[in-house]
Each structure stands twice: as C-alpha cells, then as structure tokens.
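A.B. asks: give me a model of this one.
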Amino acid sequence: MKIGILQTGIVPEDLSPNYGEYPDMFKTFLGEHDFEFKDYSVVNGTSQIQLRNVMAGL
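C.D. replies: Model prediction:
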C-alpha cells in the first residue's frame, strides 16, 4: 500500500536529531509493514501534491 505523508510543520531543532522530521516519525510509528511512502513537503510549498497516486494519506 502506498501512503502519502503531508509534512505541514517543522520539528523543533532540539528534537530533530533524535526523531527526524514528521514523515520519519510516521514511518517509524507504522513499522516495517508492506508500505511504500511518498512525502509531500507542503510546509514550505516545495511539493506538488498528487494524492491520487496514493491509497491513504496522513
């Protein structure tokens, strides 16, 4: 299953070395299942969102 992750915020600098960015946290939370992920960095407007290419979104 392909999951789209919308990054709508930036992790505070003191937390990012341990936890990564928000998409990394979701990937860790969802574990090692048979998922494929697509990150969309909408926080800074750099990604074009193509949610029709994914089966679920976070």
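A.B. asks: rest of the way, CA atoms for contacts and neighbours
C.D. replies: Fine.
A.B. asks: show me which helix or strand of this structure is least confident by mean pLDDT.
C.D. replies: Lowest on mean pLDDT, DSSP states H and E among the helices and strands of the chain sits strand 56-57, with a mean of 84.
A.B. asks: how far off centre is it?
C.D. replies: 10 Å (C-alpha atoms, centre = their mean, to the nearest Å).
A.B. asks: show me what that strand is packed up against.
C.D. replies: If you count contacts as 3 or more C-alpha pairs under 8 Å, 6 or more residues apart in numbering; DSSP states H and E, strand 56-57 packs onto strand 2-7.
A.B. asks: only C-alpha atoms, please: export the strand it packs on in CSV.
C.D. replies: The C-alpha coordinates for strand 2-7 follow below in CSV (Å, rounded to 0.1, in the frame of the first residue of the first chain):
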residue,chain,number,x,y,z
LYS,A,2,1.3,3.5,-0.9
ILE,A,3,0.8,6.1,1.8
GLY,A,4,1.2,9.9,1.2
ILE,A,5,2.6,11.9,4.1
LEU,A,6,1.9,15.6,4.2
GLN,A,7,4.6,17.4,6.1
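A.B. asks: in it, what counts as buried?
C.D. replies: Judged by neighbour count (16 or more other C-alpha atoms under 10 Å), strand 2-7 contains these buried residues: 3-7.
A.B. asks: what helix or strand is residue 37 located in?
C.D. replies: Here residue 37 sits within strand 36-41, counting by DSSP states H and E.
A.B. asks: now do that strand: which elements does it pack against?
C.D. replies: So strand 36-41, by 3+ C-alpha pairs under 8 Å, 6+ apart, packs with strand 2-7.
A.B. asks: now do the strand it packs on against strand 36-41, angle only.
C.D. replies: Orientation check (axes from the mean of the first three to the mean of the last three C-alpha atoms, to 10 degrees): strand 2-7 against strand 36-41 gives 20 degrees.
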